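> fold the following for me, if possible:
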Amino acid sequence: MCAAPAGSAARIYGVNDGLGAVFGIVSGMAGYTGGSEVVLAAGLAGTLASALSMGAGAYLAAKSEREVYESEISREQAEIDENPHEELLELELFYQLKGFSPEESRAMAERIHKDPAQFTRTLVHEELGLSQETFPKPWRSAASAGVSTAVGGFIPIIPFFFAVGLRAVIASFIISTIAHFAVGAAKTLVTTRSWWSSGLEMTFVGVLEAAVTYGVGVAFAHY
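This next block holds a predicted model:
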């Protein structure tokens with residue numbers, strides 16, 4: 001099976017987080033209120049909060065990765081300015097460790113050395129495995145995480161737009177359980193597990209979460 005792109009994995013987990021968080025909120029409020037209009041308001045608030053939280057977290061994480069990269073670039077540039085010959089020999093050694101002959105390594109290192117910016121980036125990549133191309137853009141990461149989380153969070157509250165009471169609660173439980181299975185199965189795009197077992201595991205977790213939060217809501221309603 002081919003590995004899914006990193007962006008696809010992030011979106012799958014974003015839907016998973018939104019679905020799990022809001023399903024718990026909806027179940028708890030359904031138990032507490034019996035499925036009144038309050039559930040819809042709580043679900044919408046939970047969806048918005050989850051989406052903003054995930055978006056902000058993704059933005060800060062991507063921004064931090066870029067700041068680390070820029071810091072390493074500055075550090076490596078300082079080392080090059082201080083001892084350029086030693087850094088050139090270091091790059092040669094990296095290529096020799098990859099199986100190139102001393103002559104080939106020397107030629108490759110000297111060719112890269114002619115472009116100072118590329119030379120610095122190459123050393124950072126060889127030493128630390130960091131590459132600017134692999135880092136996500138902060139705003140793009142924030143939008144992807146926020147939207148995918150909102151999509152997952154919106155699923156449990158759909159029935160409450162059209163009904164209230166027990167009918168809406170049951171409908172929410174059914175579509176959320178199906179969604180849990182689908183998200184669990186989709187996770188196999190980034191894992192080697194069976195889609196069937198992954199889907200069932202996610203379904204079990206979702207049902208357990210709903211049962212616990214619904215029970216807590218009922219307990220508070222009778223407190």
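
> leaving out sequence neighbours, find the closest residue to residue 18.
For residue 18, ignoring the flanking residues on the chain, the nearest one in space by Cβ to Cβ, 6 or more residues apart in numbering is residue 152 at 3.0 Å. All C-beta spots, glycine's among them, are computed from the backbone N, C-alpha and C.

> could you report the distance from that neighbour to residue 182?
11 Å (Cβ to Cβ, to the nearest Å).

> ok, residues contacting the helix or strand harbouring residue 185?
Per DSSP states H and E, residue 185 falls inside helix 165-186. Helix 165-186 is contacted by residues 12, 15-16, 19-20, 23, 26-27, 30, 34-36, 39, 152, 155-160, 162-163, 195-196, 198-203, 205-207, 210 when judged by Cβ atoms under 8 Å, 6 or more residues apart in numbering.

> name the residues of that helix that are buried.
Going by neighbour count (16 or more other Cβ atoms under 10 Å), the buried part of helix 165-186 is 168-169, 171-173, 176-177, 179-186.

> helix, strand, or coil at the spatially most central residue of the chain?
Ranked by distance to the mean C-alpha position of the chain (Cα atoms, centre = their mean), the top residue is residue 10 at 3.6 Å. Under DSSP: H, G, I helix; E, B strand; the rest coil, residue 10 falls in the helix class.

> about what we covered before: compute the number of surrounding residues for the residue nearest to residue 18.
Residue 152: 30 surrounding residues under other Cβ atoms under 10 Å.

> flag every buried residue along the helix or strand harbouring it.
Using DSSP H and E, residue 152 maps to helix 138-154. Across helix 138-154, burial judged by 16+ other Cβ under 10 Å covers 138, 141-142, 144-154.
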